[in-house]
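**Student:** predicted structure and sequence below. I'll ask about it afterward.
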Amino acid sequence: SPPGSLGHMDDIPGLVVLVVDDDPRIRRVLRTIFEGEGFRVLEAEDGGRAIEVASGDPTPDLIVLDVVMPNRNGWECMTDLKSHSRLRHIPVILLTSRGEHDDQFRGMAQGADGYVVKPFDPDSLLKAVRRTVGDRAG
């Protein structure tokens, strides 16, 4: 691929990604990006629903989780995921409009595997995905 182009992630086809964001427009953008890579996309509009969807079939290979949401926010959802025996192994990339260092530190301390700040560009998002799940592929 030319420099700056990630190309298709042929090493992780069929990845199941759960996208959790209360904004349907953001979910639609993420779905478009991920389906363009051949991923299967599941959606949830808040942290409570995310746990229900993640507990279902198929189990996601990755969760992209917005921090600021009503009902159960990203921090609460992370706590729920990490305390759930069947879900705690699923890698989580936090997605937030708040790029403060404290938020990143808190996210990593709570067990997040990656961090992407909105507005994001598709390449940086996909690079975070590759870093997070690339070593699990195979």
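**Tutor:** Thanks, I have the structure now.

**Student:** distance check, the residue nearest to the spatial centre of the chain against residue 90.
**Tutor:** For the chain, the residue sitting closest to the mean C-alpha position, by C-alpha atoms, centre = their mean, is residue 64 at 1.3 Å. To residue 90, residue 64 is 11 Å away according to C-beta to C-beta, to the nearest Å. Where C-beta positions appear, they are placed from N, C-alpha and C, glycine not excepted.

**Student:** ok, residue 79 next?
**Tutor:** Residue 79 sits 14 Å away from residue 90, going by C-beta to C-beta.

**Student:** these two - which one has more neighbours?
**Tutor:** Taking neighbours as other C-beta atoms under 10 Å, residue 79 and residue 90 compare with residue 90 leading, 19 against 14.

**Student:** returning to what we had before: need the three-state assignment for the residue nearest to the centre of the chain.
**Tutor:** Secondary structure state of residue 64, per DSSP: H, G, I helix; E, B strand; the rest coil, is strand.

**Student:** tell me, how many residues neighbour residue 61?
**Tutor:** A count of neighbours around residue 61, defined by other C-beta under 10 Å, yields 20.

**Student:** wait, residue 58 touches residue 16, no?
**Tutor:** Yes. With contact defined as C-beta atoms under 8 Å, residue 58 reaches residue 16; the gap is 5.0 Å.

**Student:** any idea how far residue 32 is from the closest residue to residue 86 other than its chain neighbours?
**Tutor:** Of all residues not flanking residue 86 in the chain, residue 55 sits nearest, at 6.8 Å (C-beta to C-beta, 6 or more residues apart in numbering). As judged by C-beta to C-beta, residue 55 and residue 32 stand 26 Å apart.

**Student:** check residue 57 too.
**Tutor:** Taking C-beta to C-beta, one finds residue 57 at 24 Å from residue 32.
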